[in-house]
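Trainee: build me a structure from this.
(3 chains)
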Amino acid sequence: MSKIDEVRDYELFIGPNHPGIEGNFSLKLKLLGDKIVGAKTDAGYLHRGFEKLMEERLFIQNIAIVCRICVPDPDPNENNYSRAIEEIAGIEVPERAKWIRTLVLELSRLASHLFAIGGHAATTGLYAFPNWTIADRDRILELFEELTGGRVYHIYQLPGGVRRDFPDGFEGRVLDVMDYIESRLQDYDDLAINNALFIKRATGIGVLTKEQAVSWGVTGPNLRACGVAADVRKDDPYEIYEKLEFDIPTMTDGDAYARMIVRRKEIEQSISIVRQIIDKIPSGLVWNKIPNPLKWNVAAGDAYVRTESSKGEYAYYMVSDGGRKPYRVHVRGASTTHAVHVLENLLVGTRIEDASQVMFSLDGCPPAVDR
Amino acid sequence: MEEKLTQRSVWEKISNKLSKRSLWMLHYCTGCGAIELPPTMTARFDMERFGISPMVTPRQADILLITGYLSVKTLKRVVLTYEQMQAPKYVVGFGSCTINGGMYWNSYSTMKCLDQYLPVETYIAGCMPRPEAIIASFNDLIAKIDRGEANSWKDYYKNYDFYKANQDRTFEGPIETYNDIKADAAMFNIK
Amino acid sequence: MEYELENSIIDKMQPEFPEAAFTIKKARRVEVKMSSDKLYNFAVRMQKKWNFLHLSAISCVDWLQDNEFELIYHFWNYDEKVLVMAKIRIPREEESHFETISNLWQPAKFFERDIHEMFGVYFDGSEDMERFILTEWHGPPPMRKDFITREYALNFFHYREYDPEWLKDMTAAGEANE
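Mentor: Presented below is the predicted three-dimensional model:
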């Protein structure tokens, strides 16, 4: 037996300090040559103990911290949190506020998808593409800044509605940005999505079958890329999604390329939803007064609320014991399945150069795993 | 004679002039502030205008940008990363949570004052700071290097015992490092 | 009839679990309270018979006064589009034990592991109960109610002195409100 044969498999640590890792996250890979034969994820680098922090703060104070749980797509957190309180305390939300919330959620989805497809293409070496998508995403962030005052974290939705109404002429500027992003989609297709190199790199990588996806708890665009037309917006409608017309794009291949296509098609759907909202939004109040939040004892009870975030099903389980602070909030981040055991399972059998592509194509969100 | 010692030599002046225009920032997303780095690095804000570019390896990097809170688990990796970097090296604390805990002041998991563990060159306040703020702080850093005042990295060698004690207390035991800081200090002639 | 779908779900399940208490919380949310020894059988039937293919989450609540942990299993049905929350209570001990359902649902692995390190509930039969997020944590399970994060942090970490004049009134008002 020669020396070479003795060295059969070896371990490689990827991350947390690595450009091919999404956020602050780590992978322990077992390799045979350049083929991955085993993978273990290591999370917790972003653990801040949100669930504990929420138990020590007033209901209203938590609005400022919940958005920080998922950084690229913060609005589903605010929405979930506010709706959970509304359900427990029995607060009505004005009609216009529901429409505005839906608009914010869809803009957030657009921003997050632009980020995700850019990052995915970058893992195959197409660095021009994120330069475009992230610069285009900035236009949406500017809309957010105008509406809420914050680029990344908005702290905008609170129990009873939203913080403020549209500024003057905001609707027109939203439509302008939507037109702009729609005009860019053709460029995106030409540069990355129909790029022969990208197709070659992404096809057949990280294949999930329909049965696997359902039993592994995959949700969101990743599930729809396997041919399951499941979407919380349709199945368990919240806010005003029942009143809107939109499709759920699906693909059947279940590989990295299919996940890219699903996100690309969802961008179109989101643009259409935003236009419908601007077209049909009713006038009226944006916030129903709630009791003095500093002395507000929310009634005892519990609620499980779900949102379709850009990464999948995002859910909050909130328990109130009748006090001023939540008794328990459990955050079910969208990536708790995708970034942990789905990733571990999918990495086995792929080659080392595709490891980060698999990760980015699943669009895992480490802060939502760690909380 | 004494005046000369505090002044920079010609070589140091030249070296500062040159290094201020080619800074490499370590590509390490330690916290949520990392979400504002892609806009800063890419087409819209484009920090390469100032000669700053992301670098993937610690040994070739000059700037360690701490993007927000550090959990104790990450802090350990950050300390190891910092010790691997070649001097001169500059730590930039980004966001309120590096200054005094910020939102996470009562969290059991995140450290509160970054300068207890590493010597910090500049802080950027805010939660979260905008890309303009990042670029402004980098410009400050460039000006500081040019004036020869960006010397906080020497502090790590000078006061290593202080930093090491804080690190050990937070990690509840010494960590295994691969760098002999005391020997490095002797090499730089820092006491 | 209101809640037709939810009632049909309950009618289907009630005969097999006569002691379980079903309630409809709102549209698409059915709550069921049962004794902890029935949970595994319930979970098997949920998956194999009633087609609840998606385990949305497992939540744990620490009821310190009752000296109990409450585990809540959230099951989602893709076809009927109903969420069933199965609630059970187990005694609260130094290290509580409960049986795993990770052989039925893959996602349960993450949630059980998470509950183990955050609350100290060990799930017997799970293949991986190692620490995941808190690998470098030396204290007690932090999500337990008797662990006060504010006290721990103030003792453990170093804070910068910051007490400006303008903040004093606000601090006093906040403390009075506590």
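Trainee: now A:Gly254: which helix or strand?
Mentor: Using DSSP states H and E, A:Gly254 is not contained in any helix or strand.
Trainee: can you name the residues that contact it?
Mentor: Shown in contact with A:Gly254 (C-beta atoms under 8 Å, 6 or more residues apart in numbering or on different chains): A:207-210, A:213, A:225-227. From N, CA and C alone the C-beta is placed, and that goes for glycine too.
Trainee: scan those residues and report the most crowded one.
Mentor: A:Ala225 (28 neighbours; other C-beta atoms under 10 Å in any protein chain shown).
Trainee: most centrally placed residue in chain C?
Mentor: By C-alpha atoms, centre = their mean, chain C has its centre lying nearest to C:Ser59, at 1.6 Å.
Trainee: checking that residue next. Helix, strand or coil?
Mentor: Classification of C:Ser59 by DSSP: H, G, I helix; E, B strand; the rest coil places it in strand.
Trainee: now it: closest residue in space, sequence neighbours ignored.
Mentor: Closest residue to C:Ser59 apart from its sequence neighbours, by C-beta to C-beta, 6 or more residues apart in numbering or on different chains: A:His330 at 4.0 Å.
Trainee: which strand residues bridge the one you found?
Mentor: A:Tyr317 (DSSP bridges).
Trainee: residue contacts, it?
Mentor: The contact partners of A:His330, taken as C-beta under 8 Å, 6+ apart, are A:51, A:316-318, C:57, C:59-60.
Trainee: which of those residues lies closest to chain B?
Mentor: A:Glu51 (10.9 Å; C-beta to the nearest C-beta).
Trainee: assumed A:Phe59 was part of a helix.
Mentor: No - checked against three-state DSSP, A:Phe59 lies outside a helix; its state is coil.
Trainee: check whether stretch C:70-82 contacts chain A.
Mentor: Yes - among the residues of stretch C:70-82, C:72, C:74, C:78, C:81 lie within reach of chain A under C-beta under 8 Å from any C-beta of the partner chain.
Trainee: mind pulling the model confidence for the residue nearest to C:Ser59?
Mentor: Looking at A:His330, its pLDDT reads 91.
Trainee: then the one 3 residues further on?
Mentor: In the predicted model, A:Gly333 carries a pLDDT score of 86.
Trainee: what's the answer for A:Met1, then?
Mentor: The model's pLDDT for A:Met1 equals 47.
Trainee: again with B:Gln7
Mentor: What the model reports for B:Gln7 is a pLDDT of 69.
Trainee: now do the phi/psi pair for B:Ile124.
Mentor: Dihedral angles of B:Ile124 (phi, psi; degrees, to the nearest 10) stand at phi -120, psi 120.
Trainee: what residues are up against the residue lying closest to C:Pro107 once chain neighbours are set aside?
Mentor: Nearest non-adjacent residue to C:Pro107, counting by C-beta to C-beta, 6+ apart: A:Gly217, 3.3 Å away. The contact partners of A:Gly217, taken as C-beta under 8 Å, 6+ apart, are A:337, A:342, C:54-55, C:105-107.
Trainee: got it, and B:Asp62?
Mentor: For B:Asp62, the contact set (C-beta under 8 Å, 6+ apart) comprises B:19, B:23-25, B:55, B:85, B:88-90.
Trainee: in JSON lines: these, plus neighbour count and pLDDT.
Mentor: Formatted as JSON lines, these follow (neighbours: other C-beta atoms under 10 Å in any protein chain shown; pLDDT from 0 to 100):
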{"residue": "B:Ser19", "neighbour count": "16", "pLDDT": "83"}
{"residue": "B:Leu23", "neighbour count": "20", "pLDDT": "87"}
{"residue": "B:Trp24", "neighbour count": "17", "pLDDT": "89"}
{"residue": "B:Met25", "neighbour count": "22", "pLDDT": "88"}
{"residue": "B:Met55", "neighbour count": "19", "pLDDT": "86"}
{"residue": "B:Met85", "neighbour count": "23", "pLDDT": "87"}
{"residue": "B:Pro88", "neighbour count": "17", "pLDDT": "85"}
{"residue": "B:Lys89", "neighbour count": "22", "pLDDT": "88"}
{"residue": "B:Tyr90", "neighbour count": "25", "pLDDT": "90"}
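Trainee: among these, which one lies nearest to chain C?
Mentor: When the contacts of B:Asp62 are ranked by distance to chain C (C-beta to the nearest C-beta), B:Tyr90 comes first, at 20.7 Å.
Trainee: so the closest one is in contact with B:Leu64, correct?
Mentor: Yes - taking C-beta atoms under 8 Å as the definition, B:Tyr90 is a contact partner of B:Leu64 at 7.3 Å.
Trainee: give me every residue that touches the residue nearest to the centre of chain C.
Mentor: A:317, A:328, A:330, A:332, C:71-72, C:74.
Trainee: do the same with B:Tyr156
Mentor: B:Tyr156 is in contact with B:82, B:118-119, B:163, B:181, counting by C-beta under 8 Å, 6+ apart.
Trainee: 7 Å instead?
Mentor: B:118-119, B:163 (C-beta atoms under 7 Å, 6 or more residues apart in numbering or on different chains).
Trainee: try A:Asp187
Mentor: Contacts of A:Asp187 (C-beta under 7 Å, 6+ apart): A:Trp132.
Trainee: for C:Asn155, grab the count of nearby residues.
Mentor: The number of residues near C:Asn155, taken as other C-beta under 10 Å, comes to 7.
Trainee: Provide the secondary structure category for it.
Mentor: Under three-state DSSP, C:Asn155 falls in the helix class.
Trainee: quick one: it from B:Thr110, how far?
Mentor: Separation of C:Asn155 from B:Thr110 (C-beta to C-beta, to the nearest Å): 15 Å.
Trainee: same check on A:Arg101?
Mentor: Taking C-beta to C-beta as the measure, A:Arg101 falls 30 Å from B:Thr110.
Trainee: same question, C:Ala173
Mentor: C:Ala173 sits 26 Å away from B:Thr110, going by C-beta to C-beta.
Trainee: before we move on, what about A:Thr41?
Mentor: Separation of A:Thr41 from B:Thr110 (C-beta to C-beta): 21 Å.
Trainee: the more surrounded of those two?
Mentor: Applying other C-beta under 10 Å to A:Thr41 and B:Thr110 shows that B:Thr110 carries more neighbours, namely 28 against 22.
Trainee: and the contacts of the particular helix or strand that has B:Asn16 in it?
Mentor: Using DSSP H and E, B:Asn16 sits in helix B:10-19. Here helix B:10-19 makes contact (C-beta under 7 Å, 6+ apart) with B:145-146, B:148.
Trainee: the residue lying closest to C:Glu112 once chain neighbours are set aside: how many residues sit nearby?
Mentor: Nearest non-adjacent residue to C:Glu112, counting by C-beta to C-beta, 6+ apart: C:Phe123, 4.3 Å away. By the criterion of other C-beta under 10 Å, C:Phe123 has 22 neighbours.
Trainee: for A:Gly349, same thing?
Mentor: By other C-beta under 10 Å, neighbour count at A:Gly349 equals 13.
Trainee: could you look up the SS state of it?
Mentor: Assigned with three-state DSSP, A:Gly349 falls in the coil class.
Trainee: look up how far A:Val358 lies from it.
Mentor: Distance of A:Gly349 to A:Val358, computed by C-beta to C-beta: 10 Å.
Trainee: do C:His158 as well
Mentor: Counting by C-beta to C-beta - C:His158 and A:Val358 are separated by 41 Å.
Trainee: just want to know which of those two has more residues nearby.
Mentor: A:Val358 (22 against 15).
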